[in-house]
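1. next one to model:
(one chain, ligands or ions: 1)
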Amino acid sequence: MLATVSRHFAETARWTGLEKPDPRVLEAMRCIPRDRFVPTDRRAAAWEDRPLEIGSGQTISQPFVVALLAQLCDCVQGTRVLEIGTGCGYQAAVLAALGAEVWSIELEPELAREAASRLAGLRDLEGEPLRFHLRTGDGSRGWPEAAPFARIVATAAPVVLPPPWLAQLAAPGRLVAPLGPVGDTQMLTVVDKDEDGRLEQSRVLSVRFVPLRH
Ligand code: SAH
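-> Sure thing, here's the model as predicted:
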């Protein structure tokens, strides 16, 4: 799977500007057992580089996309990250394995419950528990009590950026989100906020995520 992820980086480099995955991101993905994040009857396919159905009409993202989002988030030990759309919890686990403290919101109670039980037992290579805060609800409002966040990453696509996300982004900070209409591909977009709160938006790659629902 990681070899395919690396190949996808090379193939998309002309849009993303990223020739290869950061070794830290690959290491984090090696640490997290992806087969534990998919339904039991899908385990055999868990290490293929493609998205999979996880129930409630939702998907676990393609590993390449998980790696790309993790790399764009550029987390170090203690980076505060808000994720919108926990789903099965795999992206959150990879971010936490990179040292991030992750706040993640999921709309579907069933998925949120399952993700919570998967994430509860995860530890880093030193045996320290990975750090998660999980909430069930509409992530378009963000998580105001825990703001500001150095990183905000959305794995469900809004048509336009919900204002609370920009308000809850630290200065400096970075938001990574797919943006675009329902039923179409979206543009993976990075919004950088500088120390003075000025925003700069850049387009990374055409992607396909599930829509952000309300
Ligand atoms: N992060 C996941 C991918 C999740 S797919 C991974 O690691 O594979 C996107 C998820 O966003 C779905 O589970 C969907 O239920 C959730 N979602 C959709 N709209 C939402 C909203 N408004 N707030 C929170 N979660 C939402």
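
2. please identify the helix or strand for the most centrally placed residue in the chain.
-> The residue lying closest to the centre of the chain (CA atoms, centre = their mean) is Gln91, at 4.5 Å. Per DSSP states H and E: Gln91 is located in helix 90-97.

3. residues in contact with that helix?
-> Here helix 90-97 makes contact (CB atoms under 8 Å, 6 or more residues apart in numbering) with 25, 27-29, 31-32, 34, 37, 60-61, 66-67, 69-70, 73, 75, 81, 83, 86, 102, 104, 115, 118-119, 122, 124, 130-132, 153, 155. Backbone N, C-alpha and C define where each C-beta goes, glycine included.

4. filter these down to the buried ones and hand me the ChimeraX line.
-> The buried residues among the contacts of helix 90-97 can be selected in ChimeraX (16 or more other CB atoms under 10 Å) with this line:
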select :25,28,29,31,32,34,37,60,61,66,67,69,70,73,75,81,83,86,102,104,115,118,119,122,124,130,131,132,153,155
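
5. near the ligand too, which of the contacts of helix 90-97?
-> Ile60, Ser61, Thr86, Thr155 (CB under 6 Å from any ligand atom).

6. now these in CSV, with distance to Ser202 and pLDDT?
-> Output for those, formatted as CSV (distance: CB to CB, whole Å; pLDDT from 0 to 100):
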residue, distance to Ser202, pLDDT
Ile60, 26, 89
Ser61, 21, 89
Thr86, 26, 97
Thr155, 19, 97
